[in-house]
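Asks: the following block contains a protein sequence and its predicted model.
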Amino acid sequence: MSKVDIEDPEELWRAFLVHAKERVSGHVYETWLKPLRCAEIAGETVRLEVRDQFSRDWLCDHYCDFIRDGLAELLGAAIAVDLVVNPALAVRSEPDPEEPQQVESTKERRVHLNPRYIFSSFVSGPSNQFALAAARAVADKPALSYNPLFLFGGTGLGKTHLLSAIGHQVLASKPEAKIIYTSSEQFMNEVVNAVRFSTMDAFHQKYRRNCDILLIDDIQMIAGKDRTQHEFFHIFNTLYDLQRQIVVTSDRLPHEIPEIEERLRTRFQWGLIADIQPPEYETRVAILRKKAMTDGLPLNAEVTDFLAKNIRSNVRELEGALVRIVAHASLTGATITLDYARQVLADVLVSRAQSISVESIQKLVAQYFQVRVLDIKSQRRMKVLVRPRQVAMYLSRKHAGASYPDLGQRFGDKDHTTIMSACKKIEARLKEDPSLRSQVLEIERQLDVHTKQ
Ligand code: ADP
Ligand code: MG
């Protein structure tokens with residue numbers, strides 16, 4: 001590193017930060033190093049100011065040598081670092097000096113929650129009320145109702161929304177609560193960085209000691225990531241023992257996440273598993289109305305009905321369609337009529353509808369269950385084949401719009417009654433078997449079948 005001409009403590013610190021930024025994680029940099037102030041270079045001692053005792057202790061424990069060596073290198077001489085507490089620093093960056101000190105430190109740790117994802121903007125219906133109730137219970141009494149809470153459901157059904165809502169709600173009633181909201185991906189990156197930059201202590205400190213509520217989105221993504229699972233497992237145990245709330249979301253049930261350690265699976269099942277299903281027609285209408293009202297979008301009943309009928313399995317796409325129509329209309333100055341909506345969404349609806357053929361369903365189902373299409377069409381009665389075969393028949397009937405006799409033919413020349421009874425069986429099982437529901441949902445998601453039912 002090049003030496004700087006240093007008399008000015010602030011300049012020295014700036015140079016140090018440039019050096020440090022490349023060597024520690026973004027989190028450590030932002031939280032611990034950047035807020036420091038270099039007050040003085042007095043002989044062989046560099047005096048750094050830190051905002052509170054806690055930060056001072058933490059820095060001494062973890063980064064003292066790193067700071068000393070970095071500064072020494074810049075100055076070209078051995079030095080000592082003196083870390084002193086200066087409470088004025090805590091207020092320095094605060095825009096509102098009236099703000100009490102304690103809130104300031106909460107803000108420092110502020111979690112990045114989407115401000116729109118709160119309970120009051122979440123529309124409840126039969127498809128999601130169980131998950132909503134569970135999320136509310138957890139937010140009202142963290143760690144006392146269900147721990148962990150495992151929120152599970154297909155893409156775009158509101159998992160992230162509920163997870164954030166829990167965070168907002170807890171912060172509203174307990175502003176000093178230490179909440180960590182993160183995605184599995186981000187969590188994984190932190191693990192990687194902690195290993196790479198030898199900052200595991202800081203990482204542990206953050207997740208095990210400085211966390212009252214841990215919210216992790218899309219936990220299924222840690223599948224196959226051994227070190228991340230290992231870290232998560234220990235964090236889980238520590239937080240659980242300390243009676244801290246843990247909430248995770250996933251698009252699959254614990255036992256369907258591949259390549260995940262058994263002991264983690266088991267822990268996910270300790271608490272409550274709450275699923276979110278695709279919303280019913282009425283809920284879809286209510287979501288559209290609420291969104292239109294909140295955002296001041298013009299939307300008449302006919303268009304609402306059209307959207308709710310045509311986009312069925314994903315709230316994100318429902319919202320997307322609404323926004324698209326409104327944006328289109330405001331650009332062209334057109335009024336949003338039913339015809340207009342139909343026209344704007346025509347390509348979306350048609351292309352999706354066309355792509356769903358019996359063949360594509362067979363192929364996808366076979367892939368999903370890891371069997372061959374040939375086996376699905378065969379007469380073989382092995383258990384591992386029967387379920388995929390029935391699911392494929394059910395989905396073909398539901399989404400490809402083919403008749404029973406037609407399907408019979410396409411499933412290896414079977415009688416149409418075989419197809420009928422397979423469909424009935426799956427329909428019945430879907431009502432009582434959440435695991436099957438999630439399998440079917442996932443396949444439907446892959447089929448992208450929100451245009452038909
Ligand atoms: P997921 O995390 O399950 O993929 P999100 O939470 O990101 O889904 O939800 C997708 C979008 O749909 C978000 O904009 C969210 O606000 C909205 N959304 C989902 N469910 C509801 C609901 N019940 N009421 C209102 N908005 C919802
Ligand atoms: Mg999400």
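Replies: Here it is on my side, so go on. Ligands and ions are numbered 1, 2, ... in the order given.

Asks: and the residue in the stretch 101-250 of the chain that ligand 1 sits nearest to, how many neighbours?
Replies: Taking Cβ to the nearest ligand atom, ligand 1 has its nearest neighbour within the stretch 101-250 of the chain at G158, 2.8 Å off. Where you see a C-beta, it was placed from the backbone N, CA and C, and this is true even at glycine. For G158, the neighbour count with other Cβ atoms under 10 Å is 25.

Asks: you'd agree it is up against D275?
Replies: No - counting by Cβ atoms under 8 Å, G158 stays clear of D275, with 11.3 Å between them.

Asks: so what sits against both of these two?
Replies: Common neighbours of G158 and D275, counting by Cβ atoms under 8 Å, 6 or more residues apart in numbering, are A131.

Asks: this structure: strands as residue ranges?
Replies: 37-42, 45-50, 80-85, 149-153, 179-183, 213-217, 245-250, 272-276 (DSSP state E).

Asks: what about M293, how many residues close to it?
Replies: Neighbours of M293 under the rule other Cβ under 10 Å: 10.

Asks: now do it against ligand 1, distance only.
Replies: To ligand 1, M293 is 12 Å away according to Cβ to the nearest ligand atom, to the nearest Å.

Asks: which residue does the stretch 351-453 of the chain have closest to ligand 1?
Replies: R445 (10.0 Å).

Asks: tally of neighbours for the residue lying closest to that residue once chain neighbours are set aside?
Replies: When the adjacent residues along the chain are set aside, R445 lies closest to G154, with 5.1 Å between them (Cβ to Cβ, 6 or more residues apart in numbering). Neighbourhood size, G154 [other Cβ under 10 Å]: 22.

Asks: isn't G154 right up against N314?
Replies: Yes - with contact defined as Cβ under 8 Å, G154 reaches N314; the gap is 7.3 Å.

Asks: who touches both of these two?
Replies: By Cβ under 8 Å, 6+ apart, G154 and N314 have these common neighbours: 278, 445.

Asks: burial count for S184?
Replies: Counted with other Cβ under 10 Å, residues neighbouring S184 total 21.

Asks: the residue of the stretch 251-400 of the chain found nearest ligand 2 - how many residues pack around it?
Replies: Residue nearest to ligand 2 within the stretch 251-400 of the chain: D251 (8.3 Å; Cβ to the ion). Using other Cβ under 10 Å, D251 is surrounded by 21 other residues.

Asks: please name the nearest non-neighbouring residue to it.
Replies: Q220 (5.7 Å).

Asks: give the contact list for that neighbour.
Replies: Counting by Cβ under 8 Å, 6+ apart, Q220 makes contact with 184, 250-252, 257.

Asks: let's see it at 6 Å
Replies: 250-252, 257 (Cβ atoms under 6 Å, 6 or more residues apart in numbering).

Asks: swap in A39?
Replies: Each residue near A39 by Cβ under 6 Å, 6+ apart is listed here: 47, 49.

Asks: now the one 10 residues further on
Replies: E49 sits next to 37, 39, 84, 86, 89 when contact means Cβ under 6 Å, 6+ apart.

Asks: give me every residue in the chain lying close to ligand 1.
Replies: When proximity is defined by Cβ under 6 Å from any ligand atom, the chain lies next to ligand 1 at 117, 121-123, 128, 153, 155-161, 287, 315-316, 319.

Asks: of those, which belong to helices?
Replies: 159-161, 287, 315-316, 319 (DSSP state H).

Asks: could you list the low-pLDDT ranges of the stretch 351-453 of the chain?
Replies: Low-confidence segments of the stretch 351-453 of the chain (pLDDT under 70): 351-355, 401, 448-453.

Asks: ranges for the helices of it?
Replies: Using DSSP state H, counting those that start in this stretch, the helices of the stretch 351-453 of the chain run over residues 358-369, 373-377, 383-395, 404-410, 416-432, 434-447.

Asks: just the stretch 151-300 of the chain next, same as before
Replies: 159-173, 184-196, 200-204, 226-241, 262-268, 281-295.

Asks: mind pulling up the pLDDT for L215?
Replies: On the pLDDT scale, L215 is placed at 97.

Asks: can you select the buried ones from the residues of the chain next to ligand 1 in ChimeraX?
Replies: Buried residues among the residues of the chain next to ligand 1 (16 or more other Cβ atoms under 10 Å), as a ChimeraX selection:
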select :117,122,123,128,153,155,156,157,158,159,160,161,287,315,319
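
Asks: filter the residues of the chain next to ligand 1 by proximity to ligand 2?
Replies: 159-160 (Cβ under 5 Å from the ion).

Asks: which positions in stretch 284-296 come out as buried?
Replies: Residues of stretch 284-296 classed as buried by neighbour count (16+ other Cβ under 10 Å): 284-288, 291-292.

Asks: ligand 2 contacts on the chain?
Replies: Within the chain, the positions adjacent to ligand 2 are 159-160 by Cβ under 5 Å from the ion.

Asks: next up, phi/psi of N86, please.
Replies: With angles defined as degrees, to the nearest 10, N86 sits at phi -130, psi 100.

Asks: please report how far it lies from V50.
Replies: Per Cβ to Cβ, to the nearest Å, N86 is found 7 Å from V50.

Asks: the two: who's more crowded?
Replies: Between N86 and V50, counting by other Cβ under 10 Å, V50 is the more crowded of the two (23 against 17).

Asks: and the more buried one, what does it touch?
Replies: Contacts for V50 (Cβ under 6 Å, 6+ apart) come out as 36, 56, 83, 85.

Asks: burial count for the residue lying closest to R342 once chain neighbours are set aside?
Replies: Sequence neighbours aside, F306 is the residue nearest to R342 in space, at 6.8 Å (criterion: Cβ to Cβ, 6+ apart). Other residues within reach of F306, judged by other Cβ under 10 Å, total 18.

Asks: could you measure from F306 over to T337?
Replies: With Cβ to Cβ as the criterion, F306 and T337 are 10 Å apart.

Asks: before we move on, what about S421?
Replies: As judged by Cβ to Cβ, S421 and T337 stand 45 Å apart.

Asks: thinking again about what came up before, adding pLDDT and neighbour count, write the contacts of V50 out as TSV.
Replies: Shown next, in TSV, are the contacts of V50 (pLDDT from 0 to 100; neighbours: other Cβ atoms under 10 Å):
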residue	pLDDT	neighbour count
L36	91	22
R56	83	18
L83	89	18
V85	84	16
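
Asks: go through those and name the one nearest ligand 2.
Replies: Proximity of the contacts of V50 to ligand 2, judged by Cβ to the ion, is greatest for L36, which lies at 35.8 Å.

Asks: enumerate every residue touching Y368.
Replies: Contact analysis of Y368 by Cβ under 6 Å, 6+ apart lists I443.

Asks: please redo it, this time with the cut-off set to 8 Å
Replies: Residues counted as contacts of Y368 (Cβ under 8 Å, 6+ apart) are 388, 439, 442-443, 446.
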